[in-house]
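A.B. asks: Sequence and predicted structure, then a few things I'm wondering about:
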Amino acid sequence: MNKYWVYIVLVACCVEVVVYGCNRAPQEVANAPENTFTVKGSVREMDLNPAPPPAFPEHDGRTEFISYCAICHSLKYISTQPDFPQKTWEAEVNKMIGKYHAPIDSVTAKKIVTYLVAVKGKK
Ligand code: HEC
């Protein structure tokens, strides 16, 4: 008789775990940011979310900025900064070139600084 109750409790525990697990999983998915993927053959291409590109308005130097400043990191490194005076942007761009070896020539670097001052410069 004693053993019988042990089995009942064990089975109840398993049912509990399964039911709880089944109930919980959809909630976690529902709370997670929505990730979508497309199936191409056996490859699943992920569209990672949240992935809205940071807003950088059209202005001279934008192409250079977008091309070079996203080589190593997200443009969010820049969009999350406060507005800086020209000196600070120059120092930042020079740091990327000097310290981290960003492959940016001096003419392009100037264009990028001009762009940064125009769209995220301290007025
Ligand atoms: C060769 C790689 C590389 C390139 C290209 C690059 N960066 Fe960086 N950047 C880094 C690294 C490495 C860090 C530091 C990352 C960390 O500390 O998490 C960084 C950090 C930053 C930061 C955060 C503040 C700081 O000084 O750490 C800013 C702002 C930034 N980069 C701006 C730029 C801009 C503007 C450009 C384009 C001119 C650029 N980056 C291009 C490598 C690069």
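C.D. replies: Cool, the structure landed. Numbers count the residues shown, from 1 in each chain.

A.B. asks: What parts of the protein come near the ligand?
C.D. replies: 68-69, 71-73, 77-78, 81, 92-93, 95-96, 100-102, 104, 112 (Cβ under 6 Å from any ligand atom). Heads up, the C-betas are built off the backbone N, CA and C, glycines and all.

A.B. asks: Can you tell me which of these are classed as buried?
C.D. replies: Buried residues within the residues of the chain next to the ligand, counting neighbours by 16 or more other Cβ atoms under 10 Å: 68, 69, 78, 92, 93, 96, 102, 104, 112.

A.B. asks: Mind checking which of those residues are in helices?
C.D. replies: Secondary structure from DSSP state H places 68, 78, 92, 93, 96, 112 of those in helices.

A.B. asks: quick check, nearest of the residues you listed to residue 10?
C.D. replies: When those are ranked by distance to residue 10 (Cβ to Cβ), residue 78 comes first, at 57.4 Å.

A.B. asks: Spell out the residue ranges of the strands in this protein.
C.D. replies: Ranges of strands in the chain, per DSSP state E, are 36-40, 43-47.

A.B. asks: okay, those in JSON lines with mean neighbour count next?
C.D. replies: Below are the strands of the chain laid out as JSON lines (neighbours: other Cβ atoms under 10 Å):
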{"stretch": "strand 36-40", "mean neighbour count": "9"}
{"stretch": "strand 43-47", "mean neighbour count": "9"}
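
A.B. asks: Fine by me, we can end here.
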